[in-house]
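Asks: Let me see the structure of the following:
(one chain, ligands or ions: 1)
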Amino acid sequence: MSIHIQAEKGEIAPVVLLPGDPLRAKFVADTYLEEVLCYNRVRGMYGFTGIHQGVRVSVQGSGMGMPSMAIYVNELIQSYDVRCIIRIGSCGALQEEVEVHDLVFAMTASTDSVMNLERFPLGFTYSPAPTYTLLERAIQAAREEQLRYHVGSVLSTDSFYHDNSDLWKQWARFGTLAVEMETYQLYTLAAKFNIETLSILTVSDSLLTRKELNSEERQIGLQNMFDVVFSIIRS
Ligand SMILES: Nc1nc(Cl)c2ncn([C@@H]3O[C@H](CO)[C@@H](O)[C@H]3O)c2n1
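Replies: Purely as a prediction, here's the structure:
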């Protein structure tokens, strides 16, 4: 047991898929896993372990934002010996060529969060990166399935609502593909504990066109992301 996860040691697989939404974790478990064990219900942040085509994998909600996600990532790694965490999330497009329904594989992340200031003093900007082999396998899967995907940097922000609604334009000017709220800290913690990681994101909205997926479209639109992540799991 850890403070926020009620699982017994051994109930969580070495590979964990991490959506922000715990109901998406339930959807993934119901749809892709067999012999499913629900190992966590604390605070409604469901966690499940099951078998996908012979491979044991877990899927766990992280909540929205880096503080919440960091609680679960720290406990998954330190209390349950998790060795690979793949974020399966959503993001908002910041570039014209990044369209709703597309996939984004985060090659790095920028942030406006102060969480890393206790690790790296002001002026020391840490640039986190995913595990190259996972990124390579995600790109290969997307190419094989002829999916629209983009590889580049994302912005992990602490705020969904900003007073300055044009703030994102500066990040876009420097090539940031999309905005979300977890990747920067996930990659930092994966590097700290030397585990594998990757963020695979579905574009759910665009800050340029203001187009956004409704909740039903989000569910359907996530299929491509699930296809890619389970292709990685099987490989
Ligand atoms: N700031 C922000 N902005 C936009 Cl346009 C987003 N589109 C999806 N997300 C993700 O979805 C949740 C917010 O709806 C967060 O977990 C975040 O990672 C977004 N987060």
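Asks: which residues are in contact with the strand or helix carrying residue 230?
Replies: Using DSSP states H and E, residue 230 sits in helix 223-234. Outside of helix 223-234, the residues within contact range by CB atoms under 8 Å, 6 or more residues apart in numbering are 15, 17, 28, 31-32, 52-53, 55, 57, 86, 88, 101, 103, 134, 137-138, 141-142, 144-145, 147, 198, 200-202. In this view, the C-beta of every residue, glycine as well, is placed from N, C-alpha and C.
Asks: If we use 6 Å, what do you get?
Replies: Applying CB atoms under 6 Å, 6 or more residues apart in numbering, the contact partners of helix 223-234 are 52-53, 55, 57, 86, 88, 103, 137-138, 141-142, 145, 147, 200, 202.
Asks: and these near the ligand, which?
Replies: Among the contacts of helix 223-234, no residue is within reach of the ligand (CB under 6 Å from any ligand atom).
Asks: Could you identify the longest helix within the chain?
Replies: Ordering each helix of the chain by length in residues (DSSP state H) puts helix 66-80 first.
Asks: Sheet partners, orientation included, of the helix or strand that that helix is followed by?
Replies: Next helix or strand after helix 66-80 toward the C-terminus (DSSP H and E): strand 84-93. Taking DSSP bridges as the criterion, strand 84-93 forms sheet pairs with strand 15-18 (parallel), strand 178-180 (antiparallel), strand 196-206 (parallel).
Asks: Using the three-state scheme, assign the closest residue to residue 33 other than its chain neighbours.
Replies: Residue nearest to residue 33 in three dimensions, not counting chain neighbours: residue 50, with 2.7 Å by CB to CB, 6 or more residues apart in numbering. Under DSSP: H, G, I helix; E, B strand; the rest coil, the three-state class of residue 50 is strand.
Asks: any idea how far residue 29 is from residue 50?
Replies: 6 Å (CB to CB, to the nearest Å).
Asks: sorry, back to before: run through the neighbouring helices and strands of the longest helix of the chain.
Replies: Here helix 66-80 touches helix 183-192, going by 3 or more CB pairs under 6 Å, 6 or more residues apart in numbering; DSSP states H and E.
Asks: show me the contacts for residue 42.
Replies: Counting by CB under 6 Å, 6+ apart, residue 42 touches 4, 6.
Asks: Model confidence at it, what's the number?
Replies: Note for residue 42: predicted pLDDT of 97.
Asks: same question, residue 53
Replies: For residue 53, the predicted pLDDT is 97.
Asks: Which phi and psi values does it adopt?
Replies: phi 50, psi 50 (degrees, to the nearest 10).
Asks: Excluding chain neighbours, what is closest to it?
Replies: What sits nearest to residue 53 in space, not counting adjacent residues and going by CB to CB, 6+ apart, is residue 234, at 5.7 Å.
Asks: Ok, residue 185 next?
Replies: residue 66 (3.8 Å).
Asks: what do you get for residue 103?
Replies: Of all residues not flanking residue 103 in the chain, residue 149 sits nearest, at 4.1 Å (CB to CB, 6+ apart).
Asks: Was I right to think the one you found contacts residue 141?
Replies: No. Counting by CB atoms under 6 Å, residue 149 does not reach residue 141; the two are 9.2 Å apart.
Asks: pLDDT below threshold where in the protein?
Replies: 219-220 (pLDDT under 70).
Asks: for the ligand, what are the nearby residues on it?
Replies: By the rule CB under 6 Å from any ligand atom, the part of the chain lying against the ligand is 20, 64, 89-92, 157, 160, 179-182, 204-205, 207.
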